[in-house]
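A.B. asks: Please work out how this folds:
(chains A and B)
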Amino acid sequence: QKEVEQNSGPLSVPEGAIASLNCTYSDRGSQSFFWYRQYSGKSPELIMSIYSNGDKEDGRFTAQLNKASQYVSLLIRDSQPSDSATYLCAVKVDSSYKLIFGSGTRLLVRP
Amino acid sequence: DVKVTQSSRYLVKRTGEKVFLECVQDMDHENMFWYRQDPGLGLRLIYFSYDVKMKEKGDIPEGYSVSREKKERFSLILESASTNQTSMYLCASRRPGQSYEQYFGPGTRLTVT
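C.D. replies: Next up, the predicted model:
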């Protein structure tokens, strides 16, 4: 069973701090990785995708991928209360178009 | 801009009713997906469709069927609704090409009483 694991949290950080969210996956052949943000009662919104080892930056967000260690992380710099949400990690695990989602990490940014 | 719409935001149905959930995308995407999301269980794939009239079972297809007669529209059908199908239902579509990014509609919160 191919799995994507995330700590459910909540991860609580003060406003202005860096929030670090982590995700591990079981399928060593995975090639495509995604981070979604989901506000309470809303649908997931794609915020980052990453395909190669290393870092990818987009504004205050940085995705980090380490295929050898089978983890992907999301850093949020200068965290804002509006970043408070559940962050879902998703991994494409085989030759189909399917994504496997982690159950999400809840982030709370304290003013 | 990516646009996926779902027919209802909230729906209340009785046990045994036939329920139709509809999803429409206007981006000419070939692949569309139906998920359900439950607390503690995360997002689980019910069915997906490669193209018109083509479908494949996901991880939890029991009690559901789907229809894709036109490229832009993907319907999820609950043949005989049961209380354990109370959930948030999310439709997604995938951008063409190699990115595999999926974009979600707003979701339908279905309650079966």
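
A.B. asks: low-confidence ranges in chain B?
C.D. replies: Applying pLDDT under 70 to chain B flags residues B:1-2, B:98.

A.B. asks: Tell me the residue of it that sits nearest chain A?
C.D. replies: Closest to chain A within chain B is residue B:42: 3.7 Å, counting by CB to the nearest CB. (C-beta placed from N, C-alpha, C; glycine too.)

A.B. asks: Kindly state the beta-bridge partners for that residue.
C.D. replies: residue B:38 (DSSP bridges).

A.B. asks: can you pull the contacts of it?
C.D. replies: By CB atoms under 8 Å, 6 or more residues apart in numbering or on different chains, the contact list for residue B:42 reads A:88, A:101, A:102, A:103, A:104.

A.B. asks: Among those residues, which ones lie close to chain B?
C.D. replies: The subset of the contacts of residue B:42 within reach of chain B, by CB under 8 Å from any CB of the partner chain, is A:88, A:101, A:102, A:103, A:104.

A.B. asks: got those as JSON lines, with pLDDT columns?
C.D. replies: JSON lines is the format used below for those (pLDDT from 0 to 100):
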{"residue": "A:88", "pLDDT": "97"}
{"residue": "A:101", "pLDDT": "94"}
{"residue": "A:102", "pLDDT": "94"}
{"residue": "A:103", "pLDDT": "93"}
{"residue": "A:104", "pLDDT": "95"}
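
A.B. asks: Strands - which of these land there?
C.D. replies: A:88, A:101 (DSSP state E).
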